[in-house]
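Student: Please find the sequence and the predicted model below.
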Amino acid sequence: MQKVRKAVIPVAGLGTRFLPATKSMPKEMLPVVDRPVVQYAVDEAFEAGIEHIVFVTGRNKAVIEDYFDLHPELIGTLEQTGKKTQLEALESMLPVAGATSFIRQQSPQGLGHAVWCAREVIGDEPFALLLPDMVSFGGRGCLAETMDLYRQTGGNVIAVERCDPSETSKYGIVGRGTEAGSGFEVTAMVEKPAPANAPSNYYINGRYILQPEIFSLLGNQQRGAGNEIQLTDAMVRLSKSQSFYAQPFNGRMFDCGSKEGFIEATIAFALARNDMKGPVLEMLQAFVRSHERQEVAA
């Protein structure tokens, strides 16, 4: 069993659901409290033991590369003004030299194509994949739990969560087989099935560990939904020759690719901080009371 040393984080999406904000700012740089969305994925990857992160980028994404680089002027200003706390926070989130790579996807052709673009840097070894829109919330990061199952089973591992059975048509759903370590064997992978046709209510939540054979399949994968190269289609083909396992996540994943999920994540992370919990909770309660009064008056 090879160690998982590298991770792919695709950040080439246009972020159309957040227009006009994403007209000039990448959606991955929108802040959840005081950290951009992509920072949460990077922190989660390093927590899980990842040594090198490959960002798959596109046009107008250079700010992401700059964000994960040194900023001498800002560091100098913080040192001169004695803002030690802010300086330490910046230094703690900066990857070590050589721990990141940036690759252009050039044109949006789907998640499968974005992953395929990282093939030369990943090479012939298993790798992790983190979708940055999905932000992990819990005691441990989702990828760390997924890595635990990989060490138990090898093969390919997908992190999953449960959805309401009536909402399976919103997600990629997996079939549940026999127990394996802290998870279970995957018997099927179906993209957005109707509730009557869903093999379970476990949905793929944006964290994967994949074997390098996925690249050759993505290289000749026919276009699927949305006329794009779909990762799930290639994983289904790979499952014909390799085992897939699922790790139920013990925390919660927020979909920050949607406006509702983004707001929900911001509230959850704010309430989890000792320096913000009190004021934020009081503010939310005041909003609810005001809203209830307005409804009664109407």
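Tutor: Nice, I can see it.

Student: Okay, helices next: where are they in the stretch 151-298 of the chain?
Tutor: Taking DSSP state H, counting those that start in this stretch, the helices of the stretch 151-298 of the chain run over residues 214-219, 231-238, 259-271, 277-297.

Student: Please identify the most buried of these.
Tutor: Per-residue neighbour counts averaged over each of the helices of the stretch 151-298 of the chain give the maximum for helix 231-238, namely a mean of 21 (mean count of other Cβ atoms under 10 Å). Backbone N, C-alpha and C define where each C-beta goes, glycine included.

Student: What helices and strands are in contact with that one?
Tutor: Counting contacts by 3 or more Cβ pairs under 8 Å, 6 or more residues apart in numbering; DSSP states H and E, helix 231-238 is packed against helix 111-116, strand 183-191, strand 202-210, helix 214-219.

Student: Compute the mean per-residue pLDDT across it, please.
Tutor: Here the mean pLDDT over helix 231-238 is 92, rounded to a whole number.

Student: again, but for stretch 100-111
Tutor: 88.

Student: same deal with stretch 148-156?
Tutor: 95.

Student: Show me what counts as buried in it.
Tutor: Neighbour counts over stretch 148-156 (16 or more other Cβ atoms under 10 Å) mark Asp148, Leu149, Tyr150, Thr153, Gly154, Gly155, Asn156 as buried.

Student: Using TSV, lay out the helices and strands packed on helix 231-238 together with distance to Asp66.
Tutor: Compiled in TSV, the helices and strands packed on helix 231-238 are given as follows (distance: least, Cβ to Cβ, whole Å):
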stretch	distance to Asp66
helix 111-116	21
strand 183-191	35
strand 202-210	25
helix 214-219	29
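
Student: Would you tell me which of those gets closest to Arg289?
Tutor: Minimum separation from Arg289 across the helices and strands packed on helix 231-238 (Cβ to Cβ) falls at strand 202-210, 34.2 Å.

Student: List the pairing partners of that closest one within its sheet, with orientation.
Tutor: Taking DSSP bridges as the criterion, strand 202-210 sits next to strand 127-130 (antiparallel), strand 156-162 (antiparallel), strand 172-180 (antiparallel) in its sheet.

Student: With respect to burial, which of those scores highest?
Tutor: Across the strands paired with strand 202-210, the average number of neighbours (mean count of other Cβ under 10 Å) peaks for strand 127-130, which reaches a mean of 26.

Student: so for it, what's the average pLDDT?
Tutor: The predicted model assigns strand 127-130 a mean pLDDT of 98.

Student: Just the CA atoms of whatever helix or strand comes next after it, as CSV, please.
Tutor: Along the chain past strand 127-130, the next helix or strand (assigned with DSSP states H and E) turns out to be strand 134-137. Coordinates of each C-alpha in strand 134-137 appear next as CSV, following Å, rounded to 0.1, in the frame of the first residue of the first chain:
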residue,chain,number,x,y,z
MET,A,134,-17.2,21.6,0.4
VAL,A,135,-16.0,22.8,3.8
SER,A,136,-15.4,20.3,6.5
PHE,A,137,-16.7,21.1,10.0
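
Student: Grab the nearest non-local neighbour of Phe137.
Tutor: Counting by Cβ to Cβ, 6 or more residues apart in numbering, the nearest residue to Phe137 once its immediate chain neighbours are dropped is Arg252, at 4.9 Å.

Student: just to revisit the earlier point, so which of the helices and strands packed on helix 231-238 gets nearest Ala234?
Tutor: helix 214-219 (4.3 Å).

Student: before we move on, the earlier item: the helices of the stretch 151-298 of the chain into JSON lines, with extra columns for distance to Leu94?
Tutor: Conversion of those to JSON lines gives the following (distance: least, Cβ to Cβ, whole Å):
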{"stretch": "helix 214-219", "distance to Leu94": "30"}
{"stretch": "helix 231-238", "distance to Leu94": "30"}
{"stretch": "helix 259-271", "distance to Leu94": "21"}
{"stretch": "helix 277-297", "distance to Leu94": "28"}
